[in-house]
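J.: Show me the folded form of this:
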Amino acid sequence: MSETRSDWSKLCPDLLRSIFGRLIISKDFYRSRTVCSDWYSVSTTCVPTAYPWRILLDEDSTLLFDPGEDNIYEIGHPELDLLKTHVMASCSNWLLVGRAGLNLYLQNVFTRERINLPECLRLAIENSSSCLWINERTRDYVVACSSKQGCLFSCKKGDVTWLCHERIECAYVTYKDGKLYVYTFDRCIEILDLSGDLLVQGNPYRNHPFHIDDSHPKSVVITSSGELLIVVTFKGVNNRYVNEVLNRSFNVYKMNLDNGNWERVYSIGGEMLIFGHGVTIKAPIKGINGWGIKGDTICFGGDEEDIFPSSDRRNRTTNCGVFDLATDTQTSLDVPFFKSFWFVPEYEIVDHETGFFFLV
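T.: Numbers count the residues shown, from 1 in each chain. As a prediction, this is how the structure comes out:
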């Protein structure tokens, strides 16, 4: 009886898209593209699922931990001493970096490319809200930061000065699709259209201040579908299911547009959030190597000392992990480094010397 052999190159495009859609951004995705020309052609129409990496810092090295491959890479950044600077925000392969007495700049984690930003003496480096968006291909970018007094500033590619948005007192800011979403000191949401520096008319959130858990920090999150969420952060709370004290816990709220009430939700639409990034990302269909990285989770980086340099960081272990909204549990990723934080890389072409994939 003769064997029937399948020709993998003849799989229908819809089936191939389904296969590629289930692969995370990893070597598996890019190896699959090399099967044949048909597979490569279909892969160019697919967007693989990104997942977060961690940057691990100590006095002697900068390490990148890839949980998908369960590998740690050491990189040299002699011009980027992250122990002496403040990583204020990140987007894709880029960090928004600040240091007392110096201008802010953008730094590419992999290539070391640097983009200097205009000078602004009123910006606060520490304990301020900041956000970054950048297009990897065009290098178009938008940066927004607040001052200690809550003044909001923004700049974009081509600007020679920062624009001050004087009508808004900013407690937290995030960016998506040409708009800044600002949580103000009076607990309201303002939406600013950067195309004309105008407050968005018809803002459904403006007259519905958020008065839940007033004593705890708040952040604003925009989902891929454009829904606005408010995330409340707690530290050292008891788990409601097991006898465990959590490093971090999060409550997520969405406004009911019919009655204007803020209601707690236990899902972010199957997506995931890197705490502090302000926008959700598509989550892997299955978890990443037991690290708890999956849909409806929040990846957090630990205490504020892990984000900003402190004087007593010797012999510390950073408290970082992944919080599951549905179960109110966390996967702890404690690591013996002075500082550690998440970023979500984009990459496409192999550098055979380092093993990294770069999006170009």
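J.: what number of residues lie near the residue lying closest to D140 once chain neighbours are set aside?
T.: Nearest residue to D140, sequence neighbours excluded (C-beta to C-beta, 6 or more residues apart in numbering): K157, at 4.9 Å. C-beta here means a position set from N, CA and C on the backbone, and glycine is covered the same way. By other C-beta atoms under 10 Å, 13 other residues sit near K157.
J.: surely K157 meets P118?
T.: No. The pair K157 / P118 is not scored as a contact, 11.1 Å apart, by C-beta atoms under 8 Å.
J.: how far away is the residue nearest to D140 from N116?
T.: 12 Å (C-beta to C-beta, to the nearest Å).
J.: for the stretch 251-360 of the chain, what spans make up the helices?
T.: 304-307 (DSSP state H, counting those that start in this stretch).
J.: where in it is pLDDT low?
T.: Along the stretch 251-360 of the chain, the model assigns pLDDT under 70 to residues 285-287, 289, 302-319, 334-338, 347-360.
J.: Which parts of it are strands?
T.: Assigned by DSSP state E, counting those that start in this stretch, the stretch 251-360 of the chain shows strands spanning 262-265, 272-274, 280-281, 297-300, 321-324, 329-332, 339-343, 349-350, 357-358.
J.: Counting by contacts, list what the first one packs against.
T.: To tie it back to what came earlier, the one meant is strand 262-265. strand 245-255 (3 or more C-beta pairs under 8 Å, 6 or more residues apart in numbering; DSSP states H and E).
J.: for C91, what are its contacts?
T.: Going by C-beta atoms under 8 Å, 6 or more residues apart in numbering, C91 touches 132-134, 277.
J.: what does the domain assignment say about this structure?
T.: 8-48, 49-358 (automatic domain parsing).
J.: which of those domains is buried the deepest?
T.: domain 49-358 (a mean of 17; mean count of other C-beta atoms under 10 Å).
J.: hmm, back to that, nearest to S9 among the contacts of C91?
T.: I134 (36.9 Å; C-beta to C-beta).
J.: pretty sure that closest one is touching L96, no?
T.: No. Assessed by C-beta under 8 Å, I134 is found out of contact with L96, at 9.3 Å.
J.: hey, what's in contact with both of those two?
T.: In contact with both I134 and L96: L106, using C-beta under 8 Å, 6+ apart.
J.: Show me where the stretch 1-150 of the chain has its helices.
T.: 13-21, 27-33, 37-43.
J.: Of the ones you listed, which is nearest N256?
T.: helix 13-21 (32.5 Å).
J.: How far away from the center of its chain is that closest one?
T.: 27 Å (C-alpha atoms, centre = their mean, to the nearest Å).
J.: With only the CA atoms kept, save that helix in PDB.
T.: These are the backbone C-alpha positions of helix 13-21, laid out as PDB (Å, rounded to 0.1, in the frame of the first residue of the first chain):
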ATOM      1  CA  PRO A  13      -3.500  30.600   2.800                       C
ATOM      2  CA  ASP A  14      -6.300  30.700   5.400                       C
ATOM      3  CA  LEU A  15      -4.900  27.700   7.200                       C
ATOM      4  CA  LEU A  16      -1.400  29.200   7.000                       C
ATOM      5  CA  ARG A  17      -2.700  32.500   8.500                       C
ATOM      6  CA  SER A  18      -4.300  30.500  11.300                       C
ATOM      7  CA  ILE A  19      -0.900  28.800  12.000                       C
ATOM      8  CA  PHE A  20       1.100  32.000  11.900                       C
ATOM      9  CA  GLY A  21      -1.500  33.700  14.100                       C
END
